[in-house]
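Asks: coordinates only, sequence not included:
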């Protein structure tokens, strides 16, 4: 049975991603961006959560991962081709030149980090490589090594991530691609989601999971305040703070463990059917609408315009897709 809480969370997270890339002017935009630091980690945790399928045999798990790898790869290729077409046309119209992406020094790095044309696609690259790593883990790892607590492993990698990034952020050695990738970002959160699903009946998880909505909100706010405090202390703006992990933990465990179900049909639909499309196309929408005006009032309206238009374009694509693939029809009951 599908959990509507996770779909609502995905809808809010995809809106948050748009706001992080198209923020309100001034301090308001910065505070809003910190509110949604949980967005991408939440997507990764949800992906990891649904990877754990105890009813499947080892061979079936491997086949399931192969299907997911192929599916993400197909989406990634289409997204990159669309991005290439969009930005080649944009650059040519603006400068009369084409963007070159085939510099040997960066090409292979970009294959792992996803920074060819559309930098926001790094999420799909991280998801793809994370699935490949887990596929190899399932296929070749000896049984005795599979007793590792994956949740603890994921958290441990993140502590290393935060420590290293804080140390070298303002040095000549820093490159965002060192941390915004599968190994240091995607895989740890996927392992956390996977570990939570595997440990849902364990005593430690029952004690630490958040099932009360008031407690969830309080922990989320606490995580937000901690993140702001970390920035104030270190003067370092990064993707993940310790507070981000706390906020994401509170929201995610509430979604999967609470008996309360959020039945907002619009948000459930956006989260289930449109969130991935919004993630892929929102940068195109932002680039197009950012060029319309420089007036301050328009800049305040731009984030709302970007959200609405990204959802609208995604919805139109979904309807067109439904015409060619009837099994995805708009009114068909979801699994």
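Replies: Nice, thanks for sending it over. All figures in this text were calculated on a predicted structure; none of them were measured in a lab. Numbering: from 1, shown residues only.
Asks: for residue 292, what are phi and psi?
Replies: phi -80, psi -40 (degrees, to the nearest 10).
Asks: cool, and residue 209?
Replies: phi -70, psi 150.
Asks: touching, it and residue 252? I think so.
Replies: No: with contact defined as CB atoms under 8 Å, residue 209 does not count as touching residue 252 (9.3 Å). To be clear about C-beta, it is placed using only N, CA and C from the backbone, and glycine gets the same treatment.
Asks: so which of the two has more stuff around it?
Replies: Ranked by neighbour count (other CB atoms under 10 Å), residue 209 and residue 252 place residue 252 first, with 26 against 18.
Asks: gap between the two ends of stretch 47-59?
Replies: In stretch 47-59, first residue to last residue: 20 Å (CA to CA, to the nearest Å).
Asks: in it, which residues are buried?
Replies: For stretch 47-59, burial by neighbour count (16 or more other CB atoms under 10 Å) applies to 47-49, 51-52.
Asks: then stretch 277-292?
Replies: 277-286, 289.
Asks: still on that earlier bit, nearest to residue 40, of the buried residues of stretch 47-59?
Replies: residue 47 (10.9 Å; CB to CB).
Asks: ok, that closest one - contacts?
Replies: By CB atoms under 8 Å, 6 or more residues apart in numbering, the contact set of residue 47 is 127, 130, 190, 193.
Asks: so where's the stretch 51-200 of the chain shaky on pLDDT?
Replies: Along the stretch 51-200 of the chain, segments meeting pLDDT under 70 span 97-107, 114-115, 141-151.
Asks: sketch out the helices for it, chain order is fine.
Replies: 58-95, 104-113, 122-140, 150-168, 187-198 (DSSP state H, counting those that start in this stretch).
Asks: what distance do you get for the residue in the chain sticking out farthest from the centre to residue 89?
Replies: Each residue of the chain has a distance to the centre, and by CA atoms, centre = their mean the biggest one is for residue 96: 34.1 Å. Distance of residue 96 to residue 89, computed by CB to CB, to the nearest Å: 12 Å.
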